[in-house]
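# turn this into a model:
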Amino acid sequence: MNYYILSYTTGENYLEERVKYRQEHLNHATEYFNEGYLTLGGAIDSANEAVLVFKAESDKIVKAFAENDPYVKNGLIKSWMVKKWNVVIGN
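Modelled structure (predicted):
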């Protein structure tokens, strides 16, 4: 298993618009968490960015998450990126 970081850059009206899609987004994230892929996730500081940490065989799982995330599908996320994280210390 490998670790991956999914980073989001949020759009200008993210905080106002997310209310419409928040429960659907959380349900989506909970599915990946319950399947053991998503380990951590949340906004950074003023919610201009968010980071989600995944543990999976490949980045395909992470990309599928992003592509199907209601926040991404509805334009709340300006850009997203997946990076493999070579964990040296820790789990």
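
# and the longest helix that the chain contains, what does it pack onto?
Identified as the longest helix of the chain according to DSSP state H is helix 14-34. When contacts are defined as 3 or more C-beta pairs under 8 Å, 6 or more residues apart in numbering; DSSP states H and E, helix 14-34 sits against strand 38-44, helix 59-68, helix 70-73. Backbone N, C-alpha and C define where each C-beta goes, glycine included.

# the helix or strand in which Leu6 is found - contacts with which helices or strands?
Assigned by DSSP states H and E, Leu6 belongs to strand 2-10. With contacts defined as 3+ C-beta pairs under 8 Å, 6+ apart, strand 2-10 has these neighbours: strand 49-56, helix 59-68, strand 77-85.

# okay, now the sheet partners of it, with direction.
If you go by DSSP bridges, strand 2-10 pairs up with strand 49-56 (antiparallel), strand 77-85 (antiparallel).
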